[in-house]
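Colleague: attaching a predicted model along with its sequence, questions to come.
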Amino acid sequence: MAEMPATVMICGYPYRIETPTVDSFVNGKFVDGSISYHDLEIQIASKQQPLFERATLMHEIMHGLAKHTGTTLSEKQIEALAYSLVTLLRDNPDLVVYLTN
Ligand SMILES: [Zn+2]
């Protein structure tokens, strides 16, 4: 499987992608990922299964897309879109080539 990129462009903003080794918790709940619009940084918790890790990254990217386009999406909508998009892209490599070339 491919390595996680070091950065991702979201609406023209270059976000660093970090994988901290120290687990993060909010209100006692493990945090799989987070995004800081101020620092232009996405944190993805390490030790996730590869496919889940990709969905987590897409989830945080969806938050960034919503933020920078002024779109209001619920956590459930973001979750559904993130899983759907990762699956769509994974299942259709020819589509990815077509869309990006
Ligand atoms: Zn979220």
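Modeller: In hand now; what should we look at? Residues are numbered from 1 along each chain as shown.
Colleague: ranges for the helices of the protein?
Modeller: Assigned by DSSP state H, the helices in the chain fall at 50-69, 75-91, 93-100.
Colleague: buried deepest among these, which one?
Modeller: Comparing the helices of the chain by mean neighbour count (mean count of other C-beta atoms under 10 Å), helix 50-69 comes out on top with a mean of 18. From N, CA and C alone the C-beta is placed, and that goes for glycine too.
Colleague: what's that helix packed up against?
Modeller: strand 7-10, strand 13-18, strand 33-36, strand 41-44, helix 75-91 (3 or more C-beta pairs under 8 Å, 6 or more residues apart in numbering; DSSP states H and E).
Colleague: same thing but 7 Å
Modeller: strand 7-10, strand 33-36, strand 41-44, helix 75-91 (3 or more C-beta pairs under 7 Å, 6 or more residues apart in numbering; DSSP states H and E).
Colleague: list the contacts of the longest one.
Modeller: Counting by C-beta atoms under 7 Å, 6 or more residues apart in numbering, the neighbours of helix 75-91 from elsewhere in the structure are 54-55, 58-59, 62-63, 96.
Colleague: change it to 10 Å
Modeller: Here helix 75-91 makes contact (C-beta atoms under 10 Å, 6 or more residues apart in numbering) with 33, 51-52, 54-63, 65-66, 71, 73-74, 95-96, 99.
Colleague: nearest residue to the residue sitting nearest the centre point of the chain other than its sequence neighbours?
Modeller: Computing the C-alpha centroid of the chain and ranking residues by C-alpha atoms, centre = their mean puts L57 first, at 2.3 Å. Leaving aside its chain neighbours, L57 sits nearest to I44 (5.6 Å; criterion: C-beta to C-beta, 6 or more residues apart in numbering).
Colleague: which residues sit in contact with the one you found?
Modeller: By C-beta under 10 Å, 6+ apart, the neighbours of I44 are 4, 17-20, 31-35, 53-54, 56-57, 59-60.
Colleague: next one: it from E53, what distance?
Modeller: Applying C-beta to C-beta, to the nearest Å, the value for I44 to E53 is 6 Å.
Colleague: can you pull the residues that touch both of these two?
Modeller: Applying C-beta under 10 Å, 6+ apart, one finds that I44 and E53 are jointly contacted by 4, 19, 32-33.
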